[in-house]
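Trainee: below are the sequence and a predicted model for it; my questions follow.
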Amino acid sequence: MATATKTFKNFIGGEWVDAASGETFETTSPANGDVLGVFPRSDVEDVDRAVEAAKAAYEDWRLVPAPHRGEILFRFGRLLADHKDELAELMAREMGKVLPEAAGDVQEAIDMSFYMGGEGRRLFGHTTPSELRDKFNMSVRQPIGVIGVITPWNFPIAIPSWKIAPALVCGNTIVFKPATDTPLLGERFVELLVEAGVPAGVINIVHGGGGAVGDRLVRHPDVPVITLTGSRETGIEVMRNAAENLKHIHLELGGKNAIIVLDDADLDLAVEGIVWSAFGTSGQRCTAASRVIVQQGVYDELQGRLVGAAEQLRLGPGWEQGVDVGPVINKRALEKIHSYTEIGKDEGAKLLTGGEVAGGDGLGDGNFYRPTIFGDVDPEMRVAQEEIFGPTTALIPVRDVDEAVRVSNGIEYGLSSSIFTRDVNTAFRAMRDLEAGITYINAGTIGAEVHLPFGGTKNTGNGHREAGQAALDVFTEWKSIYVDYSGKLQKAQIDTAE
Ligand code: NAD
């Protein structure tokens, strides 16, 4: 590949620069270990320079008319579309997902850029009547300043777009720290933003680890907002470390999502939805279905069909045609996923298929894990409670819909949920009662559209939402404005207007 062994830089204040320390790290392909690039291993000094540049650029960017900021996002969306195939191929190599899913990841960023580009001509506030005569009331959204954007590796183009597109259109400037497993895609994202016309200092990228670069952003007094997608553990640490400066913290964290299949479900559809949700992206989606809650009447049939379908899936490098399941991100993830297979077996869950590292057959030294299904799982077992983030799912038998909803809700997370049923009354009850930020009826747990809010309840986050109009609340502050044109001092709540 043309990118092999190429050395990349940080982008700070409009310049491509090395880390102050000169230290570097490599990004490698999870499918075969190929080195794809060398990146600066930055630390506090680099972050501080980037924050300074972003802070200086904010003074003008906040005054650029929002429709113009939106036009830059339209150009960015078009550039992403022009480079969609190249980015998808790069994603298959650097992150590992299969080409159709990688193209979907890029498409999500295209959609988000156009959606948020349109916000340049909306960003609606309110006008409301006043309780007093000759007085005008309105509320407006205002930008906040420098936003620290910290992202995971599993949606290396989509997730940065969920954060950076709304932050920019609202008039903020950015210091972006992508995951160390996918710096090359972060780099390409920023190169295209620059090509689209984002001015110097408005977008900055600083490569490096969470403990050095991420933590400095979280603690930096001139970064009033941190938006982070990652694990629950990281979220807790970030919140604690940001407390000193009372920052706005936007967290999108883990999940342990369940699909409910009732006796009256369309089983063909359910099998397809479960396979796609459990094994798509090798189970490395925050919305992956790692639990399947099945009513007794269809349990045996569904189990048999799922095992058959899982065993048909073809493993291989994401860039090869006809591959269903790519590698998992790194050796650490492979070990973690396998440790949960051992945990499940020790707990007494029945291993129905998979449960092993896959090698041979052109898989070479890649991080491949066989799609794994546990049967007869008790909802309290660790494999049914903890996020595994791999191609492993647990079948949990239940008697009826009440028990199904109770089991679905009986976890610490609340991201996505799903139910397969043909009964409209049951579907509406599930929409009301499933404790999650997302509920699907007759579809799996994965796949979101950018104009609806995205995020979860309970330990999946801290009450904010990504995407849709809800994202604007993360990247703006409300200001209420009162214009009194009566020519006299009118006192709210004290004077009365007749
Ligand atoms: P992670 O928590 O290990 O890392 C996420 C990011 O945080 C990385 O850029 C990392 O370098 C940085 N980081 C780590 N420690 C930090 C610290 N102390 N201070 C500041 N930054 C720090 O997560 P990951 O392994 O990259 O991603 C997988 C996790 O992300 C899973 O739990 C998954 O469910 C979650 N996720 C959630 C959503 C969602 O929208 N809810 C979407 C995708 C992924």
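Mentor: Cool, got the structure. Numbers count the residues shown, from 1 in each chain.
Trainee: top helix in the chain by residue count?
Mentor: Assignment by DSSP state H gives helix 99-119 as the longest helix of the chain.
Trainee: tell me what the next helix-or-strand element following it is packed against?
Mentor: Remark: after helix 99-119, the chain's next helix or strand is strand 126-128, criterion DSSP states H and E. If you count contacts as 3 or more C-beta pairs under 8 Å, 6 or more residues apart in numbering; DSSP states H and E, strand 126-128 packs onto strand 135-143. Heads up, the C-betas are built off the backbone N, CA and C, glycines and all.
Trainee: just the strands in the stretch 201-350 of the chain please.
Mentor: Using DSSP state E, counting those that start in this stretch, the strands of the stretch 201-350 of the chain run over 203-205, 225-229, 248-252, 257-261, 289-295, 350-353.
Trainee: not counting the second one itself, show me its contacts.
Mentor: Read that as strand 225-229. With contacts defined as C-beta atoms under 8 Å, 6 or more residues apart in numbering, strand 225-229 is touched by 144-152, 159, 162-163, 167, 172, 214, 217-218, 234-235, 238, 242, 247-253, 286, 466, 474-475.
Trainee: name the element the residue nearest to the spatial centre of the chain belongs to?
Mentor: Centroid-nearest residue in the chain, with C-alpha atoms, centre = their mean: Ile159, separated by 4.8 Å. Assigned by DSSP H and E, Ile159 belongs to helix 158-169.
Trainee: which neighbouring elements make contact with that helix?
Mentor: Checking 3+ C-beta pairs under 8 Å, 6+ apart, helix 158-169 ends up next to helix 66-82, helix 99-119, strand 146-150, strand 173-177, helix 183-196, strand 225-229, helix 470-475.
Trainee: for Phe279, find the nearest of these.
Mentor: Across these, the minimum distance to Phe279, taken as C-beta to C-beta, is reached by helix 99-119, at 11.1 Å.
Trainee: and the closest one with helix 158-169, angle?
Mentor: Counting by axes from the mean of the first three to the mean of the last three C-alpha atoms, to 10 degrees, helix 99-119 points 10 degrees away from the direction of helix 158-169.
Trainee: residues of the stretch 301-450 of the chain that sit close to the ligand?
Mentor: Residues of the stretch 301-450 of the chain that fall close to the ligand, judged by C-beta under 6 Å from any ligand atom: Glu387, Phe389, Leu415.
Trainee: which one of the residues you listed has the most neighbours?
Mentor: Leu415 (27 neighbours; other C-beta atoms under 10 Å).
Trainee: give the contact list for that residue.
Mentor: With C-beta under 8 Å, 6+ apart, Leu415 has these contacts: Gly254, Gly255, Asn257, Cys286, Thr287, Ala436, Gly437, Ile438, Gly455, Gly456, Thr460.
Trainee: got a markdown table for the residues you listed, with neighbour count and pLDDT too?
Mentor: Shown next, in a markdown table, are the contacts of Leu415 (neighbours: other C-beta atoms under 10 Å; pLDDT from 0 to 100):
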| residue | neighbour count | pLDDT |
| --- | --- | --- |
| Gly254 | 23 | 96 |
| Gly255 | 30 | 97 |
| Asn257 | 32 | 98 |
| Cys286 | 28 | 96 |
| Thr287 | 25 | 97 |
| Ala436 | 24 | 98 |
| Gly437 | 23 | 98 |
| Ile438 | 24 | 98 |
| Gly455 | 27 | 97 |
| Gly456 | 26 | 97 |
| Thr460 | 28 | 98 |
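Trainee: phi, psi of the spatially closest residue to Gln284 that is not a sequence neighbour?
Mentor: Among residues not flanking Gln284 along the chain, Asn154 sits closest, at 5.0 Å (C-beta to C-beta, 6 or more residues apart in numbering). Main-chain torsions, Asn154, degrees, to the nearest 10: phi -80, psi -20.
Trainee: measure Asn154 to Ala288 for me?
Mentor: 10 Å (C-beta to C-beta, to the nearest Å).
Trainee: which one, of the strands of the stretch 201-350 of the chain, ends up nearest to Met381?
Mentor: Nearest of these to Met381, taken as C-beta to C-beta: strand 289-295 at 10.3 Å.
Trainee: is the closest one positioned near the ligand?
Mentor: No - Strand 289-295 lies out of reach of the ligand by C-beta under 6 Å from any ligand atom, never closer than 10.2 Å.
Trainee: parallel or antiparallel, which strands does that strand pair with?
Mentor: Take DSSP bridges as the rule and strand 289-295 pairs in its sheet with strand 257-261 (parallel), strand 392-398 (parallel).
Trainee: report the distance from that strand to the chain centre.
Mentor: Remark: strand 289-295 is offset 22 Å from the chain centroid, using C-alpha atoms, centre = their mean, to the nearest Å.
Trainee: need the contact list for Gly197.
Mentor: By C-beta under 8 Å, 6+ apart, the residues touching Gly197 are Ile72, Arg75.
Trainee: roughly how far apart are it and the ligand?
Mentor: Between Gly197 and the ligand the distance, using C-beta to the nearest ligand atom, to the nearest Å, works out to 27 Å.
Trainee: how about the contacts made by Thr28?
Mentor: For Thr28, the contacting residues are Asp34, Val35, Leu36, by C-beta under 8 Å, 6+ apart.
Trainee: who's it bridged to?
Mentor: The partner residues for Thr28, given DSSP bridges, come to Val35.
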